[in-house]
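>>> Here is a sequence together with a model predicted from it:
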Amino acid sequence: MSIKHAFYAQSGGVTAVINASACAVIETARRYPDQIGKVYAGHNGILGALREELIDTSQESHEAIGALHRTPGGAFGSCRYKLKSFEESEAEYRRLIEVFQAHNIGYFFYNGGNDSMDTALKVSQLSEKMGYPITCIGIPKTIDNDLAVTDNCPGFGSAAKYLAVSTKEASHDIASMCDNSTKVFVMEVMGRHAGWLAAAAGLAARQNGDPPHIIVFPETPLNKEKFLAKVKKTVDEEGYCVIVASEGAKYADGSFVSASTTVIDSFGHHQLGGVAPALCTMIKREHGFKYHYAVADYLQRSARHIASRVDVEQAYAVGKAAVELAVTGKNAVMSSIIRESNAPYRWSIGEVQLEEVANYEKKMPMEFIDDDGFGITSVCREYLEPLIEGEEYPPYLNGLPRFAKLKKVLVEKKLNDSFDV
């Protein structure tokens, strides 16, 4: 029986450290030549499998693969593509199995969020039914930190560090100019339903009165009158007000503070954004304060120059563990992070069943949000602080970081038909 190859794919919004997981999968698989042949990577995520566009990572040097460890973004390409249910489109799943079978692929490593874990689970189940079983292992990834069961998600720690540092730095700027210039600064961060990133910016505050003075979470409905009163009180007492707002901020009726009607992907998500200017307009009308705002957007998820060392280590560890789980016979599981203690911070790698993770969303627990709904508690701080610890800088050349450059050689197609996606 010939040795099976592996397929690795990156899914959804990328992070500063997702390539560290890719690096770990490829490097670890190369240490098991008797069990895993080549590692093929999906060109643009799962679409690469559906289109039979497989990147042969064996064509990349050890140095190039090693450089992924310090490179942000998705080196092989990612996508936001939701596979439908079996009932809606069994053809998509059958196509995946056909491509895997044609290329002698027996391992599927899917690096993504909760929808990705659902896909990996379904592929595992259908492959059994089709008589071509595939070992499917999930690798956690998301800056949103909203995967269930695992203590935290690789990608989050580095985004959290970037936001906390940026909030602290911008606050010094505002404090310098508030006497006769800007009184209010609002930073908009990602987070559709979960406020983990907004909470992370709260780490910038070390004592009472420190910015950010107000955090707007998706988990707590925005009370406009209460919010505006707190802005006024903060400016009166501190001279300025720094606000961090999640893009998913909502009112009590469930409507977003700012969202368009445009559907942006196959998940049915509406385009979010515009919370910062919406809040600034609200403040200007009520109080007349001069304001500035910033939208962290892709900067928060690509800031490899200030990545958390803990995050980089955990991203590599879950990728390495995924391969080790596969070669020891595990299937339909996801490698996970287990917190053993806060002080000192200790963690280890575990595993969870994909069905425990698939399509679940972990929001901020209410004990992490303070009583007035605009700040984080000490319990939240104890959870967050270890995740941003340490620096793991990439090498620099002429003042700029050096990142990996891959050849991305595609494998010759074996199926005659094309598949429209």
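Noted; the coordinates are in hand.

>>> Can you name the residues that contact the residue nearest to Glu90 when sequence neighbours are not counted?
Spatial nearest neighbour of Glu90, chain neighbours left out: Leu126 (7.7 Å); criterion: C-beta to C-beta, 6 or more residues apart in numbering. Just so you know, the C-beta spots here come from the backbone N, C-alpha and C atoms, and that holds for glycine as well. Applying C-beta atoms under 8 Å, 6 or more residues apart in numbering to Leu126 gives the contacts 86, 90, 93-94, 97.

>>> Which PyMOL command selects the buried ones in these?
Per 16 or more other C-beta atoms under 10 Å, the buried members of the contacts of Leu126 correspond to this PyMOL selection:
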select buried, resi 93+97
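
>>> for the chain, what's the longest helix?
Assignment by DSSP state H gives helix 156-177 as the longest helix of the chain.

>>> what is the mean pLDDT for that one?
For helix 156-177, mean pLDDT is 98.

>>> Next SSE downstream of that helix?
strand 184-189 (DSSP states H and E).

>>> so what strands line up beside that next one?
Strands adjacent to strand 184-189 in the sheet, as given by DSSP bridges, are strand 241-246 (parallel), strand 291-295 (parallel).

>>> which stretch among these comes nearest Ile376?
Closest to Ile376 of these is strand 241-246 (C-beta to C-beta; 10.4 Å).

>>> got the buried residues for that closest one?
By neighbour count on 16+ other C-beta under 10 Å, the buried set for strand 241-246 is 241-246.

>>> Just give me the closest of those to Asp144.
Ser246 (10.2 Å).

>>> and the one helix or strand Tyr107 maps to, average pLDDT?
In this structure, Tyr107 is located in strand 105-112 according to DSSP H and E. Mean per-residue pLDDT for strand 105-112: 98.

>>> Packing partners of that strand?
strand 5-10, helix 18-29, helix 86-102, helix 114-129, strand 135-140, helix 309-327 (3 or more C-beta pairs under 8 Å, 6 or more residues apart in numbering; DSSP states H and E).

>>> Save these as TSV, and put in distance to Tyr293 too.
TSV is the format used below for those (distance: least, C-beta to C-beta, whole Å):
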stretch	distance to Tyr293
strand 5-10	31
helix 18-29	28
helix 86-102	41
helix 114-129	30
strand 135-140	32
helix 309-327	27
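
>>> Those: which one's closest to Ala404?
helix 18-29 (7.2 Å).

>>> relative orientation of that closest one and strand 135-140 in degrees?
If you take axes from the mean of the first three to the mean of the last three C-alpha atoms, to 10 degrees, helix 18-29 sits at 150 degrees to strand 135-140.

>>> Look up how far Lys226 lies from the residue lying closest to Asn223 once chain neighbours are set aside.
Leaving aside its chain neighbours, Asn223 sits nearest to Ala252 (7.4 Å; criterion: C-beta to C-beta, 6+ apart). Here the criterion is C-beta to C-beta, to the nearest Å. By it, Ala252 lies 11 Å from Lys226.

>>> and if you look at Ile55?
From Ile55 to Lys226 the distance is 52 Å (C-beta to C-beta).

>>> ok so, going back, ok, of the buried residues of strand 241-246, which one's closest to Val295?
Distances from Val295 to these, taken by C-beta to C-beta, are shortest for Ala245, at 10.0 Å.
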